[in-house]
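Participant: Quick one, structure for this:
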Amino acid sequence: MSAKTTEKQSGEKGPLDLQVLELGGYARGVKERIQSLKKMQFGARLWQKDPGLWKEDPADQAVITRALGWLDIAEKMQGKVEDLLRFAGQVREAGFRQVVHMGMGGSSLAPLAFRRILPPGVLGLPLAVLDTTDPETILNLERSIPIAVTLFIVASKSGTTAEPSAFEEYFFAKVKALKGDRAGENFVVITDPGSALEKQAKERKYRRIVPGHVDIGGRYSALSPFGIVPGALMGLDISDLLGRARRMQKACGPDVPVEENPGIVLGAALGELVGRGRDKLTFLIPEALGSLGLWLEQLLAESTGKEGRGILPIAEEPVGKPDSYGADRIFVKMAVQGESDGALEGLVQELIRRGDPVITIELGERRDLVQEFYRWEVATAALGAVLRINPFDQPNVQESKDVTNRLLAQVRQTGKLPEPHWALRGDPLSFYGKEEGKDGRELLKAFFDQAGPDQYMSLQAYLPENQSIFEGLQAIRKRIRDHFRLATTLGFGPRFLHSTGQYHKGGPNRGLFLQLTAADSADASIPDAPYSFGVLKQAQAWGDFATLQKHGRRILGIHLGRNPIGGLNTLHRILEESLSMP
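Facilitator: Next up is the predicted model:
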């Protein structure tokens, strides 16, 4: 069955993105699921902010009630456009030549998507996004920017997130060394009113404090100041972007019949398919839109991965042949009109022919990615209702933070980080975890012998995010996917802790986790902290390792030595040898 749930109809300022569902044998079940949401009046009750759509417990309902401000945020932000454009002009007039946005998860992924997908405006400033504690990355960024004329945005909803706080202290010290008491002129904060970050910004006389919205969670904040402020500084036409988002808002409005609401229909389809064992949501997205996949990954994984349920988003997985994919997949093909990818088109048609569920979304142009922010937020809310979970909390994210903080407390007391159990020491590879084996091949074989047909494999890379390392990881990922027909994910730490990290611990126990670390080629001190960025990153890795073990997850750690690229090449070779073992 093919159902066009959203035609290219005329909206507030133009056509909506096209959404087509090719559901094969699942079409009837999806229709029934849509009708069940219609019967419960999901569309109208969503806009009434009725927490009973998801939970009956009063504590859950209190959280939900305070988390639905994203529904009309595009309208609210439209009223701030002139002020933000005026501020962007003042920044240029003050002589700034660069912007660095410093955040994690929901505070950084929308700006990252803007920077990688949309060209900056004629008057816009170059935007860099810092969302890693990897010291090599931080030092490379420092060397690449003119610090004295760089505007630093510190983005943290709570104002206490560890990574942005460390970034802020590091670069504030650098600016202060150049400008003394005027260092605050180079800083802007985006945070909720009353946070500790707001207080510090006032004390240091930062250039501007932009208040967040207390009723919007981080992963739903793309159209709030967390996304729109860096967009304005990039020189994007933020009025146009917000207008496009409002088109989708109107199409998902309270008076639109459920069966014609693109967001609710999408969420209903995903929920029904998850219930039928199709819980690996695989994005087939051209490289030009790749960062949209990372944004979607956080939204879906952190929202739905809890109570042993959820949907696993698969972003940036290498394209394979149809027989590389198991029967646990849903496919979403996204593209911009006129920018088709022949390889993806051919794969999609083969998948449809064999009966896999495929959802196709075509953007009119790249700027329409803001429509997708809104469509998928509504879809995630609907999916949460189908799964009967609260899509607006993240109970397991704090857990890893707490373990990391305990490890760092030991650093304060003893001067060193406690190490995990080393199963095998070697050069260049060393292994840590519960697996036993006389060499790396046996350890990997024992680990992957646990794989089953509905499982997934997660590569967790606490490594510099450069092209060579990315390609090495993708090669390993592809080999594992093709051999075992396992869905695979790749996350760079600590970014993924704020996205798929919630699903890893709160979702179904079907994951096999490979944690990869390496010795840092250089390190950077954090002002007024007894540890460096390198130690912080290692504590985050080992803290997450311990948390996954506590939840009974299957995890193996591999330290790649002093040369991560060489270590990855060795790992790839040993993996090939282990796959040939009887």
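
Participant: where along the stretch 301-450 of the chain do the strands fall?
Facilitator: 312-314, 329-336, 358-363, 422-424, 430-433 (DSSP state E, counting those that start in this stretch).

Participant: what's the closest of these to P564?
Facilitator: strand 430-433 (13.1 Å; Cβ to Cβ). (Each C-beta comes from the backbone N, C-alpha and C, glycine too.)

Participant: taking the strands of the stretch 301-450 of the chain together, which one is wrapped up most tightly?
Facilitator: Neighbour counts (mean count of other Cβ atoms under 10 Å) averaged over each of the strands of the stretch 301-450 of the chain peak at strand 312-314, with a mean of 26.

Participant: avg pLDDT for that one?
Facilitator: Confidence over strand 312-314 (mean pLDDT, whole number) is 98.

Participant: That strand pairs with which strands, and in what direction?
Facilitator: strand 280-284 (parallel) (DSSP bridges).

Participant: now the strand it pairs with and strand 329-336, what's the angle there?
Facilitator: 30 degrees (axes from the mean of the first three to the mean of the last three Cα atoms, to 10 degrees).

Participant: Tabulate the strands of the stretch 301-450 of the chain (JSON lines), appending distance to K537.
Facilitator: Converted to JSON lines, the strands of the stretch 301-450 of the chain look like this (distance: least, Cβ to Cβ, whole Å):
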{"stretch": "strand 312-314", "distance to K537": "24"}
{"stretch": "strand 329-336", "distance to K537": "32"}
{"stretch": "strand 358-363", "distance to K537": "35"}
{"stretch": "strand 422-424", "distance to K537": "19"}
{"stretch": "strand 430-433", "distance to K537": "16"}
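
Participant: Can you name the next helix or strand after the helix or strand bottoming out on mean pLDDT in the chain?
Facilitator: Every helix and strand of the chain was ranked by mean pLDDT, DSSP states H and E. The lowest is strand 2-6, at a mean of 43. Sequence-wise, the next helix or strand downstream of strand 2-6 (DSSP states H and E) is strand 18-22.

Participant: got the CA positions of that next one in PDB?
Facilitator: Extracted in PDB, the C-alpha atoms of strand 18-22 (Å, rounded to 0.1, in the frame of the first residue of the first chain):
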ATOM      1  CA  LEU A  18       5.900  15.400   0.800                       C
ATOM      2  CA  GLN A  19       5.400  12.400   3.000                       C
ATOM      3  CA  VAL A  20       4.600   9.000   1.500                       C
ATOM      4  CA  LEU A  21       4.200   5.700   3.400                       C
ATOM      5  CA  GLU A  22       4.900   2.400   1.600                       C
END
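
Participant: Show residues contacting whatever helix or strand comes next after it.
Facilitator: The helix or strand immediately downstream of strand 18-22 is helix 27-39, counting by DSSP H and E. The contact list for helix 27-39 (Cβ atoms under 8 Å, 6 or more residues apart in numbering) reads 1, 3, 21, 23, 43, 257-259, 264-265, 268-269, 271-273, 276, 382, 385-386.

Participant: rerun at 7 Å
Facilitator: 1, 23, 258-259, 264-265, 268-269, 271-272, 276, 382, 386 (Cβ atoms under 7 Å, 6 or more residues apart in numbering).

Participant: what about burial for those residues, which qualify?
Facilitator: L23, V258, E259, I264, V265, A268, A269, G271, E272, A382, V386 (16 or more other Cβ atoms under 10 Å).

Participant: any idea of the mean pLDDT for stretch 550-570?
Facilitator: 97.

Participant: still on that earlier bit, nearest to A162 among the contacts of helix 27-39?
Facilitator: A382 (32.9 Å).

Participant: show me the contacts for the closest one.
Facilitator: A382 neighbours (Cβ under 7 Å, 6+ apart): L37, F42, G263, I264, G267, A268, G271.

Participant: Correct me if wrong, but A451 is in a helix.
Facilitator: No - applying DSSP: H, G, I helix; E, B strand; the rest coil, one finds A451 to be coil, outside a helix.

Participant: residue contacts, G305?
Facilitator: So G305 contacts Q502, Y503, G506, G507 (Cβ under 7 Å, 6+ apart).

Participant: Please flag which of these sit within helices.
Facilitator: Cross-referencing these against helices under DSSP state H gives Q502, Y503, G506.

Participant: Quick check, pLDDT for the closest residue to the second one other than its chain neighbours.
Facilitator: For Y503, ignoring the flanking residues on the chain, the nearest one in space by Cβ to Cβ, 6 or more residues apart in numbering is G305 at 2.7 Å. Here the pLDDT value assigned to G305 is 97.

Participant: Same question for M581.
Facilitator: Model confidence at M581 (pLDDT) stands at 88.

Participant: same deal with E12?
Facilitator: 50.

Participant: What lies in contact with the helix or strand where I480 lies?
Facilitator: Taking DSSP H and E as the criterion, I480 maps to helix 467-484. Contact with helix 467-484 is made by 317-318, 320, 324, 448, 451, 457, 459, 461, 463, 486, 488, 490, 564-565, 568-569, 571-572, 575, 579, as judged by Cβ under 7 Å, 6+ apart.

Participant: From the contact counts, what lies against the helix or strand following it?
Facilitator: As assigned by DSSP H and E, the chain's next helix or strand after helix 467-484 is strand 487-492. With contacts defined as 3 or more Cβ pairs under 7 Å, 6 or more residues apart in numbering; DSSP states H and E, strand 487-492 has these neighbours: strand 312-314, strand 456-461, helix 467-484.

Participant: State the mean pLDDT of strand 487-492.
Facilitator: On average, strand 487-492 scores 97.

Participant: Identify all contacting residues around that strand.
Facilitator: 132, 280, 282, 312, 314, 316-317, 328-329, 456-461, 465, 473, 477, 480-481, 500.

Participant: Pull up the pairing partners for it, direction included.
Facilitator: strand 456-461 (parallel).

Participant: now the strand it pairs with, how far from the centre of its chain.
Facilitator: 14 Å (Cα atoms, centre = their mean, to the nearest Å).

Participant: residues in contact with that strand?
Facilitator: Under Cβ under 7 Å, 6+ apart, the answer for strand 456-461 is 280, 312, 473, 476-477, 480, 486-493, 496, 504, 510-516.

Participant: Counting neighbours, which of these end up buried?
Facilitator: Using 16+ other Cβ under 10 Å as the burial test, those include 280, 312, 473, 476-477, 480, 486-493, 496, 504, 510-516 as buried.

Participant: Which of the contacts of A382 fall in strands?
Facilitator: Among the contacts of A382, no member is found in strands (DSSP state E).

Participant: Just name the closest of those residues to A251, please.
Facilitator: G263 (7.9 Å).

Participant: residues contacting the closest residue to the closest one other than its chain neighbours?
Facilitator: Closest residue to G263 apart from its sequence neighbours, by Cβ to Cβ, 6+ apart: V378 at 2.7 Å. Counting by Cβ under 7 Å, 6+ apart, V378 makes contact with C252, G263, I264, G267.
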